[in-house]
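Chemist: got a sequence here, can you build the structure:
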Amino acid sequence: MSRAGQGTDDLSGRHLVLPRTLCFVTWGDEVLLLRGAPDKRIWPNRYNGVGGHVERGEDVRSAARREIAEETGLTVEDLRLRGVVHVTPDAEGVGVMLFVFAARAQQREVRPSAEGAAVWVRQGRWEELDLVDDLPLLLPHVLAPPDAPLFFARSTYDEGGHLVVVFEE
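Modeler: This is a model prediction of the structure:
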């Protein structure tokens with residue numbers, strides 16, 4: 001198919017999304033979470049998975065592996081897509097297409113980055129932390145057995161500004 005055949009020359013009226021990765025690395029019964037740096041633009045001091053933007057020309061799996069290495073210093077194995085979440089913050093703006101991965105660490109030692117501090121948390125103990133709002137909903141799907149089907153979800157905000165996540169059945 002030609003470049004023009006991709007249909008990207010007229011975007012008027014189209015919903016646009018930014019591709020991002022979100023990764024959850026495990027070591028035994030622990031999950032690696034990133035406590036956002038205090039000066040981070042989004043979610044400062046809150047716990048999230050590891051991840052970020054997919055760069056131009058990069059596939060999502062390579063982006064996930066790169067983000068893990070950049071933010072934690074880890075190399076991982078068994079990196080697998082667990083689900084996709086379409087985030088629509090508002091009716092008019094740009095959304096996010098979030099590719100959610102799970103992986104196993106090849107070593108336990110992590111290093112901090114400008115994004116924040118990587119912290120190993122025993123599974124089931126994350127409710128004690130100040131998590132990014134959707135994590136309690138995503139983690140059970142991400143940490144399901146490896147042969148569990150992919151999950152698909154959409155998230156938006158209600159009129160009161162509260163997050164609403166709906167999983168496809």
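Chemist: which SS class is the most centrally placed residue in the chain?
Modeler: Nearest to the geometric centre of the chain sits residue 22, at 1.7 Å (C-alpha atoms, centre = their mean). At residue 22, secondary structure determined by DSSP: H, G, I helix; E, B strand; the rest coil is strand.
Chemist: what sits closest to it if chain neighbours are left out?
Modeler: Nearest non-adjacent residue to residue 22, counting by C-beta to C-beta, 6 or more residues apart in numbering: residue 51, 4.2 Å away. C-beta: built from backbone N, CA, C; applies to glycine.
Chemist: cool, and residue 117?
Modeler: With sequence-adjacent residues excluded and distances taken as C-beta to C-beta, 6+ apart, residue 117 is closest to residue 35, at 5.0 Å.
Chemist: before we move on, what about residue 87?
Modeler: Nearest one to residue 87, counting by C-beta to C-beta, 6+ apart, is residue 96 at 4.0 Å.
Chemist: the one you found bridge partners, please.
Modeler: For residue 96, the beta-bridge partners are residue 18, residue 87 (DSSP bridges).
Chemist: which neighbouring elements make contact with the lengthiest helix in the chain?
Modeler: When the chain is parsed with DSSP state H, its longest helix is helix 60-72. Secondary-structure packing of helix 60-72 (3 or more C-beta pairs under 8 Å, 6 or more residues apart in numbering; DSSP states H and E): strand 17-27, strand 30-36, strand 50-53, strand 76-87, strand 95-105, strand 116-122.
Chemist: want to throw the ones you listed into JSON lines with mean pLDDT and distance to residue 134?
Modeler: Formatted as JSON lines, the helices and strands packed on helix 60-72 follow (pLDDT from 0 to 100; distance: least, C-beta to C-beta, whole Å):
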{"stretch": "strand 17-27", "mean pLDDT": "97", "distance to residue 134": "9"}
{"stretch": "strand 30-36", "mean pLDDT": "95", "distance to residue 134": "13"}
{"stretch": "strand 50-53", "mean pLDDT": "96", "distance to residue 134": "13"}
{"stretch": "strand 76-87", "mean pLDDT": "97", "distance to residue 134": "8"}
{"stretch": "strand 95-105", "mean pLDDT": "97", "distance to residue 134": "9"}
{"stretch": "strand 116-122", "mean pLDDT": "95", "distance to residue 134": "16"}
